[in-house]
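J.: Curious how this folds, go ahead:
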Amino acid sequence: MSPQPTAAASIVPAPRALLTVLTLLAFANAIPNGFVGIDHWQVESGGLIADSWAGLLHSLRAPLGAMPGWEGVAPYARPLVVAAFSVVHWWCDAQPIAFHATLVLLHWLAVLLAYTLLRDLAVDRTSTFLATAVFAVHPVQAAAVSWISGIADPLFAVFFLLALRLHLAADVRPQQSLLLRFGAVVSFAAALGAKETAAIFPLLLVAVYLCFPSRLPATAARQRARMLAKTTAPYLLVLAVDVVYRFSVLKTSAVGAAFGAMPLAIRMCTAPRLLLSYLTLPLRFPSLTVCDDYALSVTWDVASIVATVAVVAMVASVVSWWRSRPVVAFGLVWTVVLLLPVLNIVPILHYRADRFFYLPLLGWSLCVVELLRAVFVRYRHPQELLLASGGIVLLLLVALTVRRNALFTDDVTLFESTLTVSPDCREARTALGDAYLRSGRNADAVEQYERARISQPDRAAYVVMPKVFINLGMAHLARRDYVAAEAAFREAHDLQPGLLHPVFGLGIANLGLGRISEGVTWLEQAYAHDASDPDIVFNLALGYDRLSRSADAVALYRRYLDIAPQGRARALALTRIQVLSRTP
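T.: Numbering: from 1, shown residues only. Model (predicted):
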């Protein structure tokens, strides 16, 4: 049987209500923010929105959307993310306030579940409150809570924490054990449907029992091992089914990112530094960023060796604290175990991102708070002093988070600030160029794309080079610099010939240069790739029109009106149909 929380009166009145107030204070100003970055594709353009129940069922059998054509399909299967986005969209259309409110709600649920979980583990009340409060209001959480595209982290965290909470409740409620464990298994499956990181659940469950051995009967070690195996068996079975499911959906991409993969030796050399970077992230407030092209360790350099020594020392600390300070050990284990899937041992699209520390922060906070509490106890300081000091820190964290949320107001604000922290980030430069391009700042967009195209082989970049050249070509088209546009699209096409956007761009650039026949040839290739894209259809119609292929032009002008009845070129298409129909 597990130990129950002590009956001592809490010095924190109404802790759940206080946590709710703190969460709202920290993230209320995120709710009015707009769409930023990839939000424009995922939500605003409907990239991850299913338009019907049939579409939702289809999302179970498909990767996470067909990302913009220059990047292909994301190597993720996250049907619960598609479901969450779609349901909000059905109710509220593409209103950013509804999606931001949903993320704040998910974060609040995760906070309450985290508090309840730590109390179930009989963690000291003051430590539980302070650790959960730090998890609730720390500015590192803004990347997952204030950015709509970060929904996978709070969504998976809610079901992950719920699964653990239900499983532990089953230990102390034998009459409801079967129902509670069934709920835990279902919640675990839902967490997997939100993010692959949930696969670490069985390992973390074992860590709970090892750090808090009183939750298992006092029997021989071999019998305990059998009980642990029996306890984790249902989750391992779900995990096995999930592996089969992911291979059926993602094929070879299920074992790692299809883009920007690098040798295992480099990833292993980099992993200790990456882990240390995450572990120090909550203390490096000026380093918080939504994206970062992480510097790689090609060999075991000094930084990698120092980081490895630090990691070994941390492991030794866990072993030494296993019996004397089990809560501290559990906090460290929680943090490291939840970081294992994002250390790029198996490659993922983003090499490093602040939002990956969303749920690990709970363990980090617990470890730090419990160590501070031990210092207060040793020197006989009252817990009220610890709580008062913690309250001051929490208010400072709230202020920092409110300030950070304001950066997510729009693309220009977010990515200009990101580049002050991560000036080498190709993703930030490309996103900033996109924002400039949408606002008509074409010359500024070209400058950002030109800087993004600089090769940095020692850094892991999420944005692949063909995308940079495609966006650069689009910016040149907006400036009517067709020569530069053709050169950029040609670079993208040479790098990845199967992509649609360079072919379309080459067609437009050649039309602009007066090479009508060559432009039509490229546009016909684009049309063969996607005959439902209104831009492709209309521009191919223009090409046929200029070649005096009237019948073909009229047919495509009419097709354009069918697929885009309110399209921007509607008036011109109608006019040309009338003119060409009168032409003998």
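
J.: other SSEs contacting the lowest-mean-pLDDT helix or strand in the chain?
T.: Every helix and strand in the chain was compared by mean pLDDT, DSSP states H and E; the lowest is strand 459-460, with a mean of 81. If you count contacts as 3 or more C-beta pairs under 8 Å, 6 or more residues apart in numbering; DSSP states H and E, strand 459-460 packs onto strand 294-295. (C-beta placed from N, C-alpha, C; glycine too.)

J.: Confirm that M474 sits in a helix.
T.: Yes: assignment of M474 by DSSP: H, G, I helix; E, B strand; the rest coil places it within a helix.

J.: how deep is it tucked in, by neighbour count?
T.: Close neighbours of M474, defined as other C-beta atoms under 10 Å, add up to 23.

J.: Would you agree it is in contact with L437?
T.: Yes: the criterion here is C-beta atoms under 8 Å, and M474 meets it with L437 at 6.6 Å.

J.: strands paired with the least confident helix or strand of the chain, and their directions?
T.: strand 294-295 (antiparallel) (DSSP bridges).

J.: Tell me the gap between the strand it pairs with and the middle of its chain.
T.: The chain centre lies 18 Å from the centre of strand 294-295; the measure is C-alpha atoms, centre = their mean, to the nearest Å.

J.: And stretch 89-99, what's buried?
T.: Across stretch 89-99, burial judged by 16 or more other C-beta atoms under 10 Å covers 89, 94, 96, 98-99.

J.: Report the rounded mean pLDDT for it.
T.: Average pLDDT, stretch 89-99: 93.

J.: Can you get me the start-to-end distance on it?
T.: 8 Å (C-alpha to C-alpha, to the nearest Å).

J.: So what touches it?
T.: 31-35, 39, 43-44, 46, 49, 85, 88, 148, 151 (C-beta atoms under 8 Å, 6 or more residues apart in numbering).

J.: Which pair in the buried residues of stretch 89-99 has the greatest spatial separation?
T.: Farthest-apart pair in the buried residues of stretch 89-99 is H89 and P96; separation 11.2 Å (C-beta to C-beta).

J.: on that earlier part again, tell me which entries of the contacts of stretch 89-99 lie within helices.
T.: Judged by DSSP state H, those include 39, 85, 88 as members of helices.

J.: now those residues as JSON lines including distance to Y115?
T.: As requested, these are exported to JSON lines (distance: C-beta to C-beta, whole Å):
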{"residue": "D39", "distance to Y115": "30"}
{"residue": "F85", "distance to Y115": "27"}
{"residue": "V88", "distance to Y115": "26"}
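
J.: Apart from its neighbours in sequence, what residue is nearest Y482?
T.: G512 (3.7 Å; C-beta to C-beta, 6 or more residues apart in numbering).

J.: same question, V402
T.: Nearest residue to V402 in three dimensions, chain neighbours excluded: N29, at 5.5 Å (C-beta to C-beta, 6+ apart).

J.: Next, find the distance separating T270 from S304.
T.: Distance check for T270 against S304: by C-beta to C-beta, to the nearest Å, it reads 7 Å.

J.: Of those two, give the one with the bigger neighbour count.
T.: Higher neighbour count among T270 and S304: T270, with 25 against 21, using other C-beta under 10 Å.

J.: Quick check: which element contains that one?
T.: Per DSSP states H and E: T270 is located in helix 264-280.

J.: returning to that earlier point: which neighbours do T270 and S304 share?
T.: S297.

J.: show me what contacts the residue nearest to Y482?
T.: For G512, the contacting residues are 477, 480, 482, 485, by C-beta under 8 Å, 6+ apart.

J.: what's the most distant pair in these?
T.: Most distant of the contacts of G512, by C-beta to C-beta, are R480 and A485, 8.6 Å apart.

J.: Where does confidence bottom out across the contacts of stretch 89-99?
T.: Out of the contacts of stretch 89-99, that is G46, at 84.

J.: Name all residues that make contact with it.
T.: 89, 94.

J.: do you know how far it is from Q566?
T.: 16 Å.

J.: distance of the most centrally placed residue in the chain from D39?
T.: Geometric centre of the chain, nearest residue: G150, 4.2 Å, by C-alpha atoms, centre = their mean. Note on G150: its distance to D39, by C-beta to C-beta, is 10 Å.

J.: same check, this time on Y351
T.: From Y351 to D39 the distance is 21 Å (C-beta to C-beta).

J.: Reformat the ones in helices among the contacts of stretch 89-99 as a markdown table; add distance to H58 and neighbour count.
T.: Converted to a markdown table, those look like this (distance: C-beta to C-beta, whole Å; neighbours: other C-beta atoms under 10 Å):
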| residue | distance to H58 | neighbour count |
| --- | --- | --- |
| D39 | 22 | 25 |
| F85 | 14 | 25 |
| V88 | 18 | 21 |
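
J.: that older thread, restricted to buried residues, select the contacts of stretch 89-99 in PyMOL.
T.: Selection of buried members from the contacts of stretch 89-99 for PyMOL, criterion 16+ other C-beta under 10 Å:
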select buried, resi 31+33+35+39+43+44+49+85+88+148+151
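
J.: possible to save the contacts of stretch 89-99 as TSV with distance to L386?
T.: TSV is the format used below for these (distance: C-beta to C-beta, whole Å):
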residue	distance to L386
I31	32
P32	36
N33	35
G34	40
F35	41
D39	40
V43	42
E44	46
G46	49
I49	47
F85	41
V88	40
I148	37
I151	34
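
J.: out of the contacts of stretch 89-99, which one sits closest to A114?
T.: Compare each of the contacts of stretch 89-99 with A114 using C-beta to C-beta and the shortest gap goes to I151, at 17.8 Å.

J.: The closest one contacts F85, doesn't it?
T.: Yes: at 7.2 Å, I151 and F85 qualify as touching, with contact defined as C-beta under 8 Å.

J.: now M227: how far from P360?
T.: M227 is 27 Å from P360, by C-beta to C-beta.

J.: Compare the two (neighbour count), which wins?
T.: Under the criterion of other C-beta under 10 Å, the comparison of M227 against P360 puts P360 first, with 25 against 14.

J.: mind listing what the closest residue in space to S439 that isn't next to it in sequence touches?
T.: Sequence neighbours aside, V412 is the residue nearest to S439 in space, at 7.4 Å (criterion: C-beta to C-beta, 6+ apart). For V412, the contact set (C-beta under 8 Å, 6+ apart) comprises 432, 435-436, 439.

J.: Just the buried residues of the helix or strand containing V412, please?
T.: Using DSSP H and E, V412 maps to helix 411-421. By neighbour count with 16+ other C-beta under 10 Å, helix 411-421 contains the buried residues 411-412, 414-415, 417-419.

J.: for that helix, what is the average pLDDT?
T.: Average pLDDT, helix 411-421: 94.

J.: Can you name the next helix or strand after it?
T.: Next along the chain from helix 411-421, counting by DSSP H and E, comes helix 426-438.
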